[in-house]
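Novice: Could you look at this predicted model? Sequence included:
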Amino acid sequence: MIRMQGVGKAYPLGREQPPLAVLSGVNLSVRPGEYVAFVGPSGSGKSTLMNLIGCLDTPTTGRYLLDGADVSRLDQAALCRVRREKIGFVFQGFQLFAKLTALENVAFPLMIRGVPESERTRMAGEALRRVGLTGRERHRPGQLSGGQQQRVALARALCYRPKLLLCDEPTGALDETSRNEILDMLDLLHQSGRTVVVITHDPFVASRATRRYRVEAGSVQAAR
(Lines give C-alpha, C1' and ligand atoms only; values in the text may rest on other atoms or scores of the structure.)
Protein backbone atom coordinates (compact mmCIF):
# COMPACT_ATOMS: atom_id res chain seq x y z
CA MET A 1 0.00 0.00 0.00
CA ILE A 2 2.78 2.44 0.99
CA ARG A 3 6.39 2.35 -0.20
CA MET A 4 8.93 5.13 0.33
CA GLN A 5 12.37 4.92 -1.20
CA GLY A 6 14.98 7.45 -0.05
CA VAL A 7 12.32 10.06 0.63
CA GLY A 8 13.39 13.45 1.92
CA LYS A 9 11.60 16.74 2.48
CA ALA A 10 13.23 20.15 2.77
CA TYR A 11 11.72 23.63 2.89
CA PRO A 12 13.36 26.74 1.41
CA LEU A 13 14.31 29.47 3.89
CA GLY A 14 15.41 32.18 1.47
CA ARG A 15 18.14 32.93 -1.03
CA GLU A 16 20.82 33.41 1.62
CA GLN A 17 20.14 30.20 3.55
CA PRO A 18 20.19 26.50 2.69
CA PRO A 19 16.85 24.63 2.72
CA LEU A 20 15.66 23.26 6.05
CA ALA A 21 15.73 19.45 5.89
CA VAL A 22 12.83 17.99 7.90
CA LEU A 23 13.00 14.38 6.67
CA SER A 24 15.85 12.55 4.96
CA GLY A 25 16.49 9.07 3.61
CA VAL A 26 13.13 7.59 4.58
CA ASN A 27 12.68 3.97 3.48
CA LEU A 28 9.58 2.12 4.58
CA SER A 29 6.88 -0.23 3.40
CA VAL A 30 3.32 -0.79 4.61
CA ARG A 31 1.45 -3.75 3.16
CA PRO A 32 -2.29 -3.72 2.47
CA GLY A 33 -4.25 -4.55 5.62
CA GLU A 34 -1.48 -3.60 8.06
CA TYR A 35 -1.93 -1.45 11.17
CA VAL A 36 1.15 0.74 11.52
CA ALA A 37 1.95 3.59 13.92
CA PHE A 38 4.53 6.33 13.57
CA VAL A 39 5.46 7.73 16.98
CA GLY A 40 7.76 10.58 17.93
CA PRO A 41 8.00 13.86 19.84
CA SER A 42 6.92 17.28 18.65
CA GLY A 43 9.27 18.62 15.98
CA SER A 44 10.50 15.17 14.94
CA GLY A 45 9.03 15.33 11.43
CA LYS A 46 5.80 13.41 12.12
CA SER A 47 3.54 16.06 10.61
CA THR A 48 5.66 16.28 7.48
CA LEU A 49 5.59 12.50 7.16
CA MET A 50 1.81 12.53 7.57
CA ASN A 51 1.49 15.15 4.83
CA LEU A 52 3.57 13.00 2.49
CA ILE A 53 1.72 9.76 3.26
CA GLY A 54 -1.61 11.54 2.84
CA CYS A 55 -0.61 13.16 -0.48
CA LEU A 56 -1.02 16.62 1.06
CA ASP A 57 2.56 17.34 -0.06
CA THR A 58 5.24 15.78 -2.26
CA PRO A 59 8.82 14.78 -1.36
CA THR A 60 11.83 16.86 -2.30
CA THR A 61 13.86 13.72 -2.99
CA GLY A 62 13.11 10.02 -3.41
CA ARG A 63 9.99 8.16 -4.53
CA TYR A 64 6.65 7.54 -2.87
CA LEU A 65 4.42 4.81 -4.25
CA LEU A 66 0.84 4.61 -2.98
CA ASP A 67 -1.15 1.54 -3.95
CA GLY A 68 1.43 0.82 -6.66
CA ALA A 69 1.37 4.29 -8.26
CA ASP A 70 4.24 6.79 -8.03
CA VAL A 71 2.72 9.96 -6.54
CA SER A 72 6.05 11.68 -5.87
CA ARG A 73 5.75 14.39 -8.52
CA LEU A 74 2.03 14.80 -9.04
CA ASP A 75 0.55 18.28 -9.24
CA GLN A 76 -2.05 19.49 -6.75
CA ALA A 77 -5.04 18.53 -8.89
CA ALA A 78 -3.76 14.97 -9.28
CA LEU A 79 -2.93 14.72 -5.56
CA CYS A 80 -6.48 15.84 -4.77
CA ARG A 81 -7.87 13.01 -6.90
CA VAL A 82 -5.64 10.48 -5.11
CA ARG A 83 -6.80 11.71 -1.70
CA ARG A 84 -10.43 11.65 -2.77
CA GLU A 85 -10.25 8.12 -4.17
CA LYS A 86 -7.90 6.29 -1.82
CA ILE A 87 -7.43 7.98 1.57
CA GLY A 88 -9.73 8.57 4.53
CA PHE A 89 -8.47 11.14 7.07
CA VAL A 90 -9.13 11.37 10.80
CA PHE A 91 -7.67 14.44 12.54
CA GLN A 92 -7.19 15.39 16.17
CA GLY A 93 -9.47 18.41 15.81
CA PHE A 94 -12.34 16.41 14.24
CA GLN A 95 -12.76 18.94 11.37
CA LEU A 96 -16.56 18.82 11.44
CA PHE A 97 -18.89 21.51 10.12
CA ALA A 98 -20.56 23.08 13.17
CA LYS A 99 -23.84 23.86 11.37
CA LEU A 100 -24.29 20.42 9.84
CA THR A 101 -25.75 17.39 11.58
CA ALA A 102 -23.70 14.25 12.15
CA LEU A 103 -25.41 12.65 9.14
CA GLU A 104 -24.73 15.68 6.95
CA ASN A 105 -21.08 15.81 8.02
CA VAL A 106 -20.58 12.17 7.10
CA ALA A 107 -22.44 12.56 3.81
CA PHE A 108 -20.58 15.72 2.76
CA PRO A 109 -17.66 13.95 0.97
CA LEU A 110 -20.18 11.78 -0.86
CA MET A 111 -22.00 14.88 -2.09
CA ILE A 112 -18.71 16.21 -3.49
CA ARG A 113 -18.30 12.89 -5.32
CA GLY A 114 -21.71 13.30 -6.91
CA VAL A 115 -23.42 10.45 -5.05
CA PRO A 116 -27.24 10.89 -5.24
CA GLU A 117 -28.88 12.20 -2.07
CA SER A 118 -30.81 9.05 -1.21
CA GLU A 119 -27.73 6.87 -1.61
CA ARG A 120 -25.41 9.13 0.36
CA THR A 121 -27.97 9.37 3.16
CA ARG A 122 -28.12 5.59 3.30
CA MET A 123 -24.32 5.24 3.25
CA ALA A 124 -23.81 7.93 5.90
CA GLY A 125 -26.43 6.36 8.16
CA GLU A 126 -24.75 2.96 7.83
CA ALA A 127 -21.34 4.48 8.63
CA LEU A 128 -22.73 6.12 11.77
CA ARG A 129 -24.30 2.84 12.81
CA ARG A 130 -20.93 1.11 12.45
CA VAL A 131 -19.32 3.55 14.90
CA GLY A 132 -22.14 3.24 17.43
CA LEU A 133 -23.95 6.52 16.79
CA THR A 134 -27.41 5.27 15.88
CA GLY A 135 -29.86 7.87 17.22
CA ARG A 136 -27.36 10.72 16.93
CA GLU A 137 -27.78 11.35 13.20
CA ARG A 138 -29.54 14.71 13.67
CA HIS A 139 -27.21 16.01 16.38
CA ARG A 140 -24.80 18.81 15.51
CA PRO A 141 -21.17 18.68 16.71
CA GLY A 142 -21.88 21.04 19.62
CA GLN A 143 -24.45 18.56 20.92
CA LEU A 144 -21.96 15.68 20.95
CA SER A 145 -19.09 14.77 23.27
CA GLY A 146 -15.51 14.81 22.02
CA GLY A 147 -15.52 11.05 21.66
CA GLN A 148 -18.76 11.14 19.71
CA GLN A 149 -17.41 13.87 17.43
CA GLN A 150 -14.36 11.74 16.67
CA ARG A 151 -16.68 8.84 15.87
CA VAL A 152 -18.47 11.07 13.37
CA ALA A 153 -15.10 11.95 11.85
CA LEU A 154 -14.23 8.26 11.67
CA ALA A 155 -17.56 7.45 10.02
CA ARG A 156 -16.97 10.24 7.49
CA ALA A 157 -13.54 8.81 6.65
CA LEU A 158 -14.93 5.31 6.19
CA CYS A 159 -18.22 5.91 4.38
CA TYR A 160 -16.70 5.73 0.88
CA ARG A 161 -14.47 2.75 1.75
CA PRO A 162 -10.98 4.22 1.22
CA LYS A 163 -8.07 1.83 0.87
CA LEU A 164 -6.03 3.71 3.48
CA LEU A 165 -7.24 5.18 6.77
CA LEU A 166 -4.76 7.85 7.93
CA CYS A 167 -5.19 9.07 11.50
CA ASP A 168 -3.29 12.13 12.76
CA GLU A 169 -3.29 12.17 16.60
CA PRO A 170 -6.82 10.68 16.55
CA THR A 171 -7.10 10.55 20.36
CA GLY A 172 -5.14 13.68 21.28
CA ALA A 173 -8.25 15.69 22.23
CA LEU A 174 -10.07 12.88 24.05
CA ASP A 175 -10.38 11.66 27.62
CA GLU A 176 -9.12 8.19 28.51
CA THR A 177 -12.47 6.45 28.06
CA SER A 178 -13.12 8.02 24.66
CA ARG A 179 -9.51 7.36 23.63
CA ASN A 180 -9.88 3.66 24.33
CA GLU A 181 -13.18 3.49 22.46
CA ILE A 182 -11.61 5.01 19.33
CA LEU A 183 -8.61 2.68 19.59
CA ASP A 184 -10.95 -0.29 19.90
CA MET A 185 -12.63 0.81 16.67
CA LEU A 186 -9.28 1.07 14.90
CA ASP A 187 -8.49 -2.46 16.08
CA LEU A 188 -11.75 -3.70 14.56
CA LEU A 189 -11.12 -1.88 11.29
CA HIS A 190 -7.69 -3.47 11.05
CA GLN A 191 -9.16 -6.89 11.80
CA SER A 192 -11.66 -6.38 8.98
CA GLY A 193 -8.79 -5.86 6.52
CA ARG A 194 -8.46 -2.08 6.45
CA THR A 195 -4.99 -0.52 6.11
CA VAL A 196 -4.63 1.77 9.14
CA VAL A 197 -1.81 4.26 9.70
CA VAL A 198 -1.65 6.32 12.90
CA ILE A 199 0.62 9.31 13.51
CA THR A 200 1.00 9.99 17.25
CA HIS A 201 3.24 11.27 20.04
CA ASP A 202 1.64 8.84 22.51
CA PRO A 203 3.46 5.49 23.00
CA PHE A 204 0.25 3.92 24.37
CA VAL A 205 -1.66 4.76 21.20
CA ALA A 206 1.23 3.45 19.11
CA SER A 207 1.32 0.22 21.12
CA ARG A 208 -2.07 -0.80 19.72
CA ALA A 209 -0.62 -1.06 16.21
CA THR A 210 0.90 -4.31 15.00
CA ARG A 211 4.03 -2.53 13.72
CA ARG A 212 5.65 0.70 14.82
CA TYR A 213 8.16 3.22 13.46
CA ARG A 214 10.04 5.82 15.50
CA VAL A 215 10.28 9.30 13.97
CA GLU A 216 13.08 11.41 15.41
CA ALA A 217 15.28 14.23 14.09
CA GLY A 218 14.07 13.69 10.54
CA SER A 219 14.72 9.95 10.39
CA VAL A 220 12.23 7.07 10.44
CA GLN A 221 13.34 3.78 11.97
CA ALA A 222 11.52 0.57 12.82
CA ALA A 223 10.74 0.53 16.55
CA ARG A 224 11.10 -2.49 18.78
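Specialist: Arrived safely, thanks for sending.
Novice: all strands of the protein, in order?
Specialist: Using DSSP state E, the strands of the chain run over 2-11, 20-30, 35-39, 61-66, 69-70, 87-91, 164-168, 195-200, 211-216, 219-222.
Novice: Of all those, which one comes closest to Leu144?
Specialist: Nearest to Leu144, of all the strands of the chain, is strand 87-91, at 15.4 Å by C-beta to C-beta. All C-beta spots, glycine's among them, are computed from the backbone N, C-alpha and C.
Novice: Can you list the strands that the closest one pairs with?
Specialist: strand 164-168 (parallel) (DSSP bridges).
Novice: burial of Gly43, as a residue count?
Specialist: 11 (other C-beta atoms under 10 Å).
Novice: before we move on, what about Asp57?
Specialist: Neighbours around Asp57, by other C-beta under 10 Å: 17.
Novice: Give me the pLDDT for it.
Specialist: pLDDT for Asp57: 93.
Novice: So which elements touch the top helix by length along the chain?
Specialist: Counting by DSSP state H, the longest helix found in the chain is helix 176-191. Using 3 or more C-beta pairs under 8 Å, 6 or more residues apart in numbering; DSSP states H and E, the elements in contact with helix 176-191 are strand 35-39, helix 146-158, strand 164-168, strand 195-200.
Novice: related to what we said a few turns ago, any chance of CSV for the strands of the chain, columns mean neighbour count and mean pLDDT?
Specialist: Below are the strands of the chain laid out as CSV (neighbours: other C-beta atoms under 10 Å; pLDDT from 0 to 100):
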stretch, mean neighbour count, mean pLDDT
strand 2-11, 18, 95
strand 20-30, 17, 93
strand 35-39, 23, 96
strand 61-66, 18, 96
strand 69-70, 12, 94
strand 87-91, 22, 91
strand 164-168, 24, 94
strand 195-200, 25, 96
strand 211-216, 19, 94
strand 219-222, 15, 91
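Novice: Can I get the ones you listed in JSON lines including distance to Thr101?
Specialist: Output for the strands of the chain, formatted as JSON lines (distance: least, C-beta to C-beta, whole Å):
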{"stretch": "strand 2-11", "distance to Thr101": "34"}
{"stretch": "strand 20-30", "distance to Thr101": "34"}
{"stretch": "strand 35-39", "distance to Thr101": "31"}
{"stretch": "strand 61-66", "distance to Thr101": "32"}
{"stretch": "strand 69-70", "distance to Thr101": "36"}
{"stretch": "strand 87-91", "distance to Thr101": "19"}
{"stretch": "strand 164-168", "distance to Thr101": "23"}
{"stretch": "strand 195-200", "distance to Thr101": "27"}
{"stretch": "strand 211-216", "distance to Thr101": "37"}
{"stretch": "strand 219-222", "distance to Thr101": "40"}
